[in-house]
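**Q** The amino acid sequence is not available; the structure is as follows:
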Ligand code: TMP
């Protein structure tokens, strides 16, 4: 059984990645692929409980990073690795790059601590393809406020926080050009669909 493919979706809150994640899942299913649509933090019963805590409870920044990686360990072991071994496609709304961008870039946690956690929790596992949806913070904030009446703990952060998260994502894109494609998220959803269709055809 050939191993499946693993695609992750990333970007600052409000960049529009979740809409595109749903489109990609439909697109791949229409092509006859077996797709596991999942997300982080979350993706397992325990991971979803950790998600609820992470999005609501104030906590120390290292606790936040450790809980993100605890949820990820469960997700990798119970969902992602078994699906890839069965030859399925895993399409994940956020993965490890979000920890580097938010806990590293946004909160200022040491990059090296995050690398230690990533080595421990992921081993050799990396997405085959990561799509980072990039938009200026002001545009993303506008979209977020239009779509969300009760912002969570991350969505309530100030613009400066999201500027740091965005800069970290841009750094990740630059340093991992073989794996990561940067998508201009200011385009219309239809135009983004076309870009994604072309990218996915080469995977
Ligand atoms: P969502 O907005 O994609 O549903 O994700 C929930 C929030 O969790 C989002 O604001 C980013 C944050 N997050 C991190 O801070 N670190 C992580 O490792 C992940 C996966 C998400």
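**A** Okay, I see it. Predicted model, so just to flag it, every value in this text is computed and none were measured.

**Q** right, and residue 182 touches residue 132 too?
**A** Yes: counting by CB atoms under 8 Å, residue 182 does reach residue 132; the two are 5.2 Å apart. All C-beta spots, glycine's among them, are computed from the backbone N, C-alpha and C.

**Q** Write out the residues of this protein neighbouring the ligand.
**A** With CB under 6 Å from any ligand atom as the criterion, the chain meets the ligand at residues 13, 40, 41, 68, 93, 94, 98, 99, 102, 103, 154.

**Q** any residues in contact with both of residue 182 and residue 132?
**A** residue 173 (CB atoms under 8 Å, 6 or more residues apart in numbering).

**Q** who has more neighbours, those two?
**A** Taking other CB atoms under 10 Å, residue 182 and residue 132 do not tie; residue 132 has more neighbours (24 against 18).

**Q** OK, contacts around that one?
**A** Going by CB under 8 Å, 6+ apart, residue 132 touches 10, 11, 97, 169, 172, 173, 180, 181, 182, 183.

**Q** can we see that at 10 Å?
**A** Each residue near residue 132 by CB atoms under 10 Å, 6 or more residues apart in numbering is listed here: 8-12, 15, 17, 97, 101, 166, 169-170, 172-173, 176, 180-183, 185.

**Q** Quick check: closest non-adjacent residue to it.
**A** residue 10 (4.6 Å; CB to CB, 6 or more residues apart in numbering).

**Q** tally of neighbours for the one you found?
**A** Residue 10 has 28 neighbouring residues, counting by other CB under 10 Å.

**Q** roughly how far apart are it and residue 57?
**A** As judged by CB to CB, to the nearest Å, residue 10 and residue 57 stand 24 Å apart.

**Q** picking up where we left off before, are any of the contacts of residue 132 buried, and which?
**A** 8-12, 15, 17, 97, 101, 166, 169, 172-173, 180, 182-183, 185 (16 or more other CB atoms under 10 Å).

**Q** Can you give me the pLDDT of the residue nearest the centre of the chain?
**A** Among the residues of the chain, the one closest to the centroid is residue 94, at 1.4 Å (CA atoms, centre = their mean). On the pLDDT scale, residue 94 is placed at 98.

**Q** May I have the residues that are in contact with it?
**A** Residue 94 neighbours (CB under 10 Å, 6+ apart): 8-11, 17-18, 21, 38-43, 68, 72, 101-102.

**Q** all helices of this structure, in order?
**A** 17-30, 45-56, 61-75, 81-85, 96-98, 111-122, 137-147, 159-175, 189-201 (DSSP state H).

**Q** Can you tell me which of those is most buried?
**A** Comparing those by mean neighbour count (mean count of other CB atoms under 10 Å), helix 96-98 comes out on top with a mean of 25.

**Q** mind checking how far that helix is from the chain centre?
**A** 6 Å (CA atoms, centre = their mean, to the nearest Å).

**Q** So which elements touch it?
**A** With contacts defined as 3 or more CB pairs under 10 Å, 6 or more residues apart in numbering; DSSP states H and E, helix 96-98 has these neighbours: strand 6-11, helix 61-75, helix 111-122, strand 129-134, helix 159-175.
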